[in-house]
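**Student:** just need the structure, nothing else, for what follows:
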Amino acid sequence: MDKGVFLATIGGLTVFFIVLGFILYAPTDFDQYLIEQVEKGVPTEKLLPQIDKETEKLKTNLERDFASKVANKDITKTNMSRSDYERYMETYENGLKMISEYDVACKKYANREIPKEQFLHEINKSKEFIEIMNY
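**Tutor:** The predicted model follows:
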């Protein structure tokens, strides 16, 4: 293999993983917005409907993803095996669980029950799953 091609490949992969890490671990727009609102002292009553709206958006995206995967395999035909369907259902159910955990952490933070650092820690696993589902 040519040394230049090898170095270019390694460089490209390095940049890819740095960008991927930033995407997965950087606060989302809503996370950042929520942190700013809590730090400004916005009342919980105004934040909870926004959290509910964000949660519904995440659920809708998950449902669309699930529906498109099932539609692509066409569950009514023999193209989709039972194990494929069960795997999709398991992924969907795990997605709902992660969204629920995300919702709970956001509400605890909005209620000032946990500090910012704990909030960011609690949403990390959920965000990773949600980000993977969005790609």
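
**Student:** how close does residue 63 get to residue 34?
**Tutor:** From residue 63 over to residue 34 the distance is 23 Å, taken as Cβ to Cβ, to the nearest Å. Every residue, glycine included, has its C-beta placed from N, CA and C.

**Student:** neighbour-wise, which of these two wins?
**Tutor:** Between residue 63 and residue 34, counting by other Cβ atoms under 10 Å, residue 34 is the more crowded of the two (23 against 13).

**Student:** what sits against that one?
**Tutor:** Counting by Cβ atoms under 8 Å, 6 or more residues apart in numbering, residue 34 touches 47, 50-51, 106, 109-110.

**Student:** which pLDDT value does the model give residue 63?
**Tutor:** pLDDT, residue 63: 87.

**Student:** if we ignore the residues flanking it in sequence, what's nearest it?
**Tutor:** residue 92 (8.0 Å; Cβ to Cβ, 6 or more residues apart in numbering).

**Student:** look up which helix or strand that neighbour falls in, please.
**Tutor:** helix 82-110 (DSSP states H and E).

**Student:** what is the burial count for residue 53?
**Tutor:** Neighbour tally, residue 53, other Cβ under 10 Å: 11.

**Student:** what stretches of this structure score poorly on pLDDT?
**Tutor:** 1, 5-28, 70-82, 130-135 (pLDDT under 70).

**Student:** can you show me the helices along it?
**Tutor:** With helices called from DSSP state H, the chain shows them at 3-25, 29-40, 44-73, 82-110, 116-133.

**Student:** you'd agree the residue nearest to residue 63 is up against residue 62?
**Tutor:** Yes: here residue 92 lies in contact with residue 62, judged by Cβ atoms under 8 Å, at a distance of 6.7 Å.

**Student:** who's more crowded, those two?
**Tutor:** A count of neighbours by other Cβ under 10 Å puts residue 62 above the other of residue 92 and residue 62, at 21 against 18.

**Student:** the nearest residue to that one once chain neighbours are set aside and residue 61: what is the separation?
**Tutor:** Leaving out its chain neighbours, the residue that sits closest to residue 62 by Cβ to Cβ, 6+ apart is residue 95, at 4.5 Å. Here residue 95 is placed at a distance of 9 Å from residue 61 (Cβ to Cβ).
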